[in-house]
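Asks: here is the input, now give the coordinates:
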Amino acid sequence: MEDDSYFENEEFSPIKSLLGLLTFSTILPINVYTSIEYMTKLTWCWPFLHVLVGILAAVCGYVSFEVLHLNALFTAVIVYAFLMLITGYNHLDGVMDMADGVMVHGDPERKISVMKDSSVGAGGVATLFLVASLTIAGLYNILDYYFILGIIVCEMAAKTSLITTALLSKPLIPGIGSYFIKETTIVNYLVSTILVICIAFLLGNLIGVVGVLGAIVGGIIIATISKRNFILANGDVLGMSNETGRLFALLFMAIALYFI
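Replies: The predicted structure is shown next:
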């Protein structure tokens, strides 16, 4: 999609751009394509698109847990596998690549070169294992409280984490990630986040809001780590933020479910 010659005569269409963004981030058979510039203009809408993904995952969890009567752990694994599959494992390489870049010694240029390298090191594999394991544990915990709607909240909040990192980062050019970062402004970020918090409240009252706050914290942490190690951010950093944001949303909701 970086070659825009195919789209050079295209006019901006919000609907087409939203569907293009959903096509970009899932394997749903939508097959709507637009230029990367037009698609990323609506980056702030990404969390709302993934409400749909979260609903599908919640249905998967409900069927596994309530209809098939699988235990919470088995259901958590199924839900996580479903989320990874429907999103085309889109951000897992970002988790591994950023982890490899952070782990290597050297200046930012050295770290960026390692992050962009196609090979995967031990740090990347170990970090992916930890993120996946902790996410499954988080899903298990909210299912143990029968908070199935929390699945929708954590998937929506994962994208809020991503755009939080985008807002706080400077783009590494060239790269697809740079388009998302440049199109995330304080105004559209605030609008997006306020609406996400409202949806989370409708789904899970204060528990849902706490989940979104957890995702924002996750996004801030990833942005901070990225600045210290790379100075600039790319798509791998945003991918890490997405997966970390989901994890932090689940962590915060799990704690809130116990205390609230």
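Asks: now do the SS call for Glu11.
Replies: coil (DSSP: H, G, I helix; E, B strand; the rest coil).
Asks: wait, Thr224
Replies: helix.
Asks: skipping its backbone neighbours, what lies nearest it in space?
Replies: Leu168 (7.9 Å; C-beta to C-beta, 6 or more residues apart in numbering). (Each C-beta comes from the backbone N, C-alpha and C, glycine too.)
Asks: can you pull the pLDDT of the one you found?
Replies: At Leu168, the pLDDT value in this model is 97.
Asks: phi, psi of it?
Replies: phi -90, psi 10 (degrees, to the nearest 10).
Asks: over to Pro171?
Replies: Per degrees, to the nearest 10, the backbone of Pro171 is at phi -80, psi 140.
Asks: ok so, going back, now do the contacts for the residue nearest to Thr224.
Replies: Gly219, Ile220, Ala223, Thr224, Lys227 (C-beta atoms under 8 Å, 6 or more residues apart in numbering).
Asks: of the residues you listed, grab the buried ones for PyMOL.
Replies: Of the contacts of Leu168, the buried ones can be selected in PyMOL as follows, counting by 16 or more other C-beta atoms under 10 Å:
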select buried, resi 219+220+223+227
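Asks: the contacts of Leu168 into TSV, with extra columns for pLDDT and distance to Ser192?
Replies: Compiled in TSV, the contacts of Leu168 are given as follows (pLDDT from 0 to 100; distance: C-beta to C-beta, whole Å):
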residue	pLDDT	distance to Ser192
Gly219	98	12
Ile220	98	16
Ala223	98	16
Thr224	98	21
Lys227	97	22
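Asks: and the furthest pair within the contacts of Leu168?
Replies: Gly219 and Lys227 (12.6 Å; C-beta to C-beta).
Asks: where does pLDDT dip in the stretch 1-150 of the chain?
Replies: For the stretch 1-150 of the chain, applying pLDDT under 70 flags the ranges 1-10.
Asks: Val102 and Ala254, how far apart?
Replies: 26 Å (C-beta to C-beta, to the nearest Å).
Asks: ugh, wrong one, Tyr140
Replies: 9 Å.
Asks: one more: Leu168?
Replies: 25 Å.
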